[in-house]
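A.B. asks: Predicted model, plus sequence, below.
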Amino acid sequence: MIATSMGKRLRMRRVLPQGKALVLPLDHPIYFGPQPGTEDPAQVVRLARLHGATAVLLTAGALRSAVDEVGDLGIILRIDATLSHRGGPDTVMHLLHNAEEAAALGADMVVVNCYVGMGDAAVESSLLTKLANVAAECERIGMPLCGEIIPRVPSAAMPSSEDLALAIRLGLEYGCDVVKTVYNGDPAGYAKAVAAGRLPVIMAGGPKASDELAIFHQLHEAMTHGASGAAIGRRVWGSARPAAALMAIRALVLDGATAEQAIAIYRRENV
Amino acid sequence: MIATSMGKRLRMRRVLPQGKALVLPLDHPIYFGPQPGTEDPAQVVRLARLHGATAVLLTAGALRSAVDEVGDLGIILRIDATLSHRGGPDTVMHLLHNAEEAAALGADMVVVNCYVGMGDAAVESSLLTKLANVAAECERIGMPLCGEIIPRVPSAAMPSSEDLALAIRLGLEYGCDVVKTVYNGDPAGYAKAVAAGRLPVIMAGGPKASDELAIFHQLHEAMTHGASGAAIGRRVWGSARPAAALMAIRALVLDGATAEQAIAIYRRENV
Amino acid sequence: MIATSMGKRLRMRRVLPQGKALVLPLDHPIYFGPQPGTEDPAQVVRLARLHGATAVLLTAGALRSAVDEVGDLGIILRIDATLSHRGGPDTVMHLLHNAEEAAALGADMVVVNCYVGMGDAAVESSLLTKLANVAAECERIGMPLCGEIIPRVPSAAMPSSEDLALAIRLGLEYGCDVVKTVYNGDPAGYAKAVAAGRLPVIMAGGPKASDELAIFHQLHEAMTHGASGAAIGRRVWGSARPAAALMAIRALVLDGATAEQAIAIYRRENV
Amino acid sequence: MIATSMGKRLRMRRVLPQGKALVLPLDHPIYFGPQPGTEDPAQVVRLARLHGATAVLLTAGALRSAVDEVGDLGIILRIDATLSHRGGPDTVMHLLHNAEEAAALGADMVVVNCYVGMGDAAVESSLLTKLANVAAECERIGMPLCGEIIPRVPSAAMPSSEDLALAIRLGLEYGCDVVKTVYNGDPAGYAKAVAAGRLPVIMAGGPKASDELAIFHQLHEAMTHGASGAAIGRRVWGSARPAAALMAIRALVLDGATAEQAIAIYRRENV
Amino acid sequence: MIATSMGKRLRMRRVLPQGKALVLPLDHPIYFGPQPGTEDPAQVVRLARLHGATAVLLTAGALRSAVDEVGDLGIILRIDATLSHRGGPDTVMHLLHNAEEAAALGADMVVVNCYVGMGDAAVESSLLTKLANVAAECERIGMPLCGEIIPRVPSAAMPSSEDLALAIRLGLEYGCDVVKTVYNGDPAGYAKAVAAGRLPVIMAGGPKASDELAIFHQLHEAMTHGASGAAIGRRVWGSARPAAALMAIRALVLDGATAEQAIAIYRRENV
């Protein structure tokens, strides 16, 4: 059990009410512009609230336009951002806010990104420095920190379980309270990687795949091999039936459903 | 509706009294040197005040020499500047003031520039960092922020509506209260881009065109497709009849005139 | 009339007692080492005080060794410096002091250098950033700011009047109270450039010319075309008869003498 | 005797209770990911506590998950980190915390890394600047500082005793209280290098060698030639019998055993 | 007479009790590692105290181990350092402390290094910026500043007297209270260079020469041509008879002895 200050514990309840988190992220427009389904942040937050998410992950700006729909959702504030993809992909993410500003804005948790293993020492060092600085501030003010720590591997290749173990363990060493990272399809290796982190790991989604149902199987594998939750965006608000997708994922993540049960929910619900 | 602090709301009334803004910008000499019509800032501000602008956009230095003519105009303080065009064009704009200094100087709103999509990751990152820092400070002290967020495209080409949607949405995500950007001549796409921003969008003017009347048609299209105002400088104080130009634009922007009605005003008024 | 705080107004009286300034600069040794005539800062300040200057321009270090000779001279503190010319010419000038330190040291005005139009965007941006930062601090603490804003043109060529107009106007836009810049020998263009700045312009001297008397004609042209004063160093303390040179320049700058009258003074006085 | 503030002295007792330190470091996962034996920081700290270490060396993050096992062990907090070795080896180590944060987290001593002699002036200068900044803060707040100052020599080569003398003396000159560095196998030269530092020197371990017992001979040489302790990690928790390895090393470092006695302990204990 | 605050005057008495300074520097190990004679800082400080130095020049770290031997010696704290010469020679010296920290540590004067004329604009600018920043802080808190300002010329060549005049004058312009620089063997030019600085100049020693007695002649020339003292290290603690060397130098620097008298002392004393 990680030693956690009272402030962090009280805030973390909002995101992981029973130790599990179902996060609906909607920060994609800062990279890609408004994606179909994200035009109105308030609608996405309303979707999250009505269909079972425990938290939303978004920028302070988007939160400003969605605050009336928040209800009792946990607020994970993205406090960094890379440049728009109009300027080409980039791995250096500048800070939008510090943790103290996030606290003033009502955040229950902050998330910062950190790619590792990309083979560019200057960039990786600046990302880790950012993580260290935010972690130190979070420790001081009792703000939970979610490290989005993602191994960078040649595109289309999945990170190895050793890559994931390093990423997740860096979360521990750098003082994160939660790590958000990808699932790599190797259940046993993933379980070992999660165990070496000693902290809750949230499975990050990814782009919509050709096989719409693949996500359910992956989620079930991750949840049964150590994950404490999931953050799935594009495959919810980008789905033809967002509410059904979210309800099905909720069954998997929070209620212990099997992949088949979740798929059944998704097919049954017409919303 | 964006959640806005009381301080921001009270200041924004000065710039958008009925939710619409007609801004006369006169910050051009920091880039180009004094342009014909801008030699005396006080005269330009007087023109704005007498002929219907809701606000002026200028540097603190120019405001110092024009303060006696301000009246009840809203003050949008430019708090960044690029280098003089004697040194060649540049896209990095350094800060002249922070938001707190702007508040001390009597500003009702601050404006900072941010080009996006220019294909230079380091430059775009520094511009977005500037925007994030100013936005965080503005949030803290209740100062409205206008993001001048402009897609950079190969010269002479208009930005696409997707480019504009990204630019305007970045305004929302980064915590701006208003976005100032160009109109691209695609009414339906522009309307969609504006809608995804959930905040007032002010149409930026541009260099004087060969067709003096084209601006009236563009303004009418923008105003009837989501824009909440316009900031037109060169085609006002650079016009042979500045007062007539401003009165005509005012009819369009604040009073709902058609392009033809505005042109008639422009032709009728001999000032 | 530029809006000026009480603190700035009271301090500016020291430098421009009747709205005109005759400045004796002695900051050359930071660039070139001690020049003949500047070995003892106290002697140069004494010369200024006895023969009619309104102010001296020098570093805090030189002022420390000359303070007993200051009398009622205005003190313009140079708070930046470029590197020694032993290291080659350079255009980036680092700060020696901030404005608050200058106030603590008894300055009536601070001066910072800013070259424009040199075709090096990074350098020009860093110079303008320095100017903006100092201007903001000066505004806050009521310290008058003299911007030494000088167009950089290929050596031996004079800046055009458009160059000067940009330089002087930047002084206004960046919040300077006075601009110190060169005279370019085009009286009508210079007058227009000065007018666009809306603030006092002080003519900077230059290296000693082969024609010792040329300076008197240039000064008369500048003073009768908008200049509010002059800052002449090398042609005073570098002259064979420094007191005579200063007295002649004083007649021109403060008393409205013609170039011929000034030359007569210079020839008559044997000091 | 180095002049040491009361705060430093009281904290140093925890690490070197009788003037000798046996440190178990477990900060390796920040560079290499979790190593076999380090998966659970609490287990490693428990090992240290039960089998005779005086202190553990770890990150604040790892300490958070091991705090219940600390007992009366001294806490040496690693407050810097290089990048993960997934990104390639690197010599620039960014700060995770400052000394004040470390004090708030309960540290008895902080350790920062500084390679010297690597032939890259910019890197060495940034490392030494880091050391100087931390040292100045430690002096101010009474936090003992361990400088991990290690000569960088072509791989596989041992540093000379002159290299070690420089490294250890830099520890003194930069205000460290303890230096952690390698032993080079030259007893007489090492003794002279230690003497020139006037402060406690802790022998750093290294990767597991083919000869498992070599470490005992090296440790004995170092301890009998001036070392005040040792920090051995991989050859303890990476050993097949970690407790036995630690007990044997303890006998050598704290109890004055010979290498042969230590080896006998290692062979006898079956833990 | 330079205007000097009370705090500076009271502290300067410690270094130049009768207006003359005999400084024993022992900061060489930060560049070269421990040199023969400097292994124990306390012994070197004791040597200085017993045999007539007015001050020692050393790092805070070395002072910590020598504080019991200080007696009434003035303390000149070196607050910057270049990198170790294991990393190759370097001209950028980072700060170890600021002036306020130096005051807290009991310094009577701080010294910072500044090479000039080395033909590398970026390096020279960073050195001068360092000097300016420290000078401004020293002015504020009443800490005397010794600028170690040394013209960089091709190795083996002596700086010209014009180079020295620039270096010494920069000391004045940048707000130093004392300049430490080399003597160049041109008595008349040196005297003129010193005079243009209006402040005490301390002659820096150098590496041990083949002619052991040459230093006495150089010192006598410098002292009779304007120098206010000397800082001689290697030729004192690096001498076969350190006490004799120091006593002889003291006679020259503080008591007005001739070179021959000093040499006689050096030969007579067997210590």
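C.D. replies: Structure received. Residues are numbered from 1 along each chain as shown, chains lettered A, B, ... in the order given.

A.B. asks: From here on, just use CA atoms for contacts and neighbour counts.
C.D. replies: OK.

A.B. asks: quick one, strands of the stretch 51-200 of chain A?
C.D. replies: Using DSSP state E, counting those that start in this stretch, the strands of the stretch 51-200 of chain A run over residues A:55-58, A:74-78, A:80-81, A:94-95, A:109-116, A:145-151, A:178-181.

A.B. asks: With mean neighbour count and distance to chain B added, can I get these in JSON lines?
C.D. replies: What follows is those, written out as JSON lines (neighbours: other CA atoms under 10 Å in any protein chain shown; distance: least, CA to the nearest CA, whole Å):
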{"stretch": "strand A:55-58", "mean neighbour count": "26", "distance to chain B": "9"}
{"stretch": "strand A:74-78", "mean neighbour count": "27", "distance to chain B": "10"}
{"stretch": "strand A:80-81", "mean neighbour count": "23", "distance to chain B": "9"}
{"stretch": "strand A:94-95", "mean neighbour count": "22", "distance to chain B": "6"}
{"stretch": "strand A:109-116", "mean neighbour count": "26", "distance to chain B": "15"}
{"stretch": "strand A:145-151", "mean neighbour count": "26", "distance to chain B": "19"}
{"stretch": "strand A:178-181", "mean neighbour count": "26", "distance to chain B": "21"}
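
A.B. asks: out of those strands, nearest to chain E?
C.D. replies: The closest of those to chain E is strand A:94-95. By CA to the nearest CA, the value is 26.7 Å.

A.B. asks: which outside residues touch the closest one?
C.D. replies: A:79-82, B:125, B:129, B:132 (CA atoms under 8 Å, 6 or more residues apart in numbering or on different chains).

A.B. asks: Need the buried ones from those residues selected in PyMOL.
C.D. replies: With 16 or more other CA atoms under 10 Å in any protein chain shown as the criterion, this PyMOL line picks the buried residues out of the contacts of strand A:94-95:
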select buried, (chain A and resi 79+80+81+82) or (chain B and resi 125+129+132)
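
A.B. asks: Quick check: residues of chain A near chain B?
C.D. replies: Selection of chain A residues close to chain B by CA under 8 Å from any CA of the partner chain yields A:29-30, A:32-34, A:39-40, A:59-62, A:64-67, A:82-90, A:93-97, A:101.

A.B. asks: Are any of the residues you listed buried, and if so which?
C.D. replies: With burial judged by 16+ other CA under 10 Å, the buried subset of the residues of chain A next to chain B is A:29-30, A:32-34, A:39-40, A:59-62, A:64-67, A:82-87, A:90, A:93-97, A:101.

A.B. asks: Narrow those to those in helices?
C.D. replies: Counting by DSSP state H, the part of these found in helices is A:29-30, A:32, A:60-62, A:64-66, A:101.

A.B. asks: just to revisit the earlier point, dump the strands of the stretch 51-200 of chain A to TSV, plus mean pLDDT.
C.D. replies: Converted to TSV, these look like this (pLDDT from 0 to 100):
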stretch	mean pLDDT
strand A:55-58	98
strand A:74-78	97
strand A:80-81	92
strand A:94-95	90
strand A:109-116	94
strand A:145-151	96
strand A:178-181	98
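
A.B. asks: Tell me which of these lies nearest to residue C:217.
C.D. replies: Minimum separation from residue C:217 across these (CA to CA) falls at strand A:94-95, 56.2 Å.

A.B. asks: Given the closest one, what are its sheet partners and their directions?
C.D. replies: If you go by DSSP bridges, strand A:94-95 pairs up with strand A:80-81 (antiparallel).

A.B. asks: Give me the contact list for the strand it pairs with.
C.D. replies: A:30-31, A:93-97, A:111-113.

A.B. asks: what about that strand, distance to the chain center?
C.D. replies: 14 Å (CA atoms, centre = their mean, to the nearest Å).

A.B. asks: beta partners of the residue positioned nearest the centre of chain A?
C.D. replies: With distances taken as CA atoms, centre = their mean, residue A:231 lies nearest the centre of chain A, 4.3 Å away. Residue A:231 has these beta-bridge partners by DSSP bridges: residue A:23, residue A:204.

A.B. asks: which ones are touching it?
C.D. replies: A:22-25, A:180, A:202-205.

A.B. asks: was I right about residue A:254 contacting residue A:20?
C.D. replies: Yes. Contact criterion CA atoms under 8 Å: residue A:254 and residue A:20 qualify, at 6.3 Å.

A.B. asks: Now the common contact residues for the two.
C.D. replies: residue A:229.

A.B. asks: So which bits of the stretch 151-271 of chain A are right by chain D?
C.D. replies: Residues of the stretch 151-271 of chain A lying near chain D (CA under 8 Å from any CA): A:162-163, A:165-167, A:169-170, A:172-176, A:195-198.

A.B. asks: Please report which of those residues has the highest neighbour count.
C.D. replies: residue A:167 (32 neighbours; other CA atoms under 10 Å in any protein chain shown).

A.B. asks: need the contact list for that one.
C.D. replies: A:116, A:149-151, A:181, D:33.

A.B. asks: how close does it get to residue A:66?
C.D. replies: Distance of residue A:167 to residue A:66, computed by CA to CA, to the nearest Å: 32 Å.

A.B. asks: related to what we said a few turns ago, just to be sure, which of the residues of the stretch 151-271 of chain A next to chain D are found in helices?
C.D. replies: Going by DSSP H, the helices hold A:162-163, A:165-167, A:169-170, A:172-173, A:195 from those.

A.B. asks: Adding pLDDT as columns, could you present these in a markdown table?
C.D. replies: As requested, those are arranged in a markdown table below (pLDDT from 0 to 100):
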| residue | pLDDT |
| --- | --- |
| A:162 | 93 |
| A:163 | 93 |
| A:165 | 95 |
| A:166 | 94 |
| A:167 | 95 |
| A:169 | 96 |
| A:170 | 95 |
| A:172 | 96 |
| A:173 | 95 |
| A:195 | 96 |
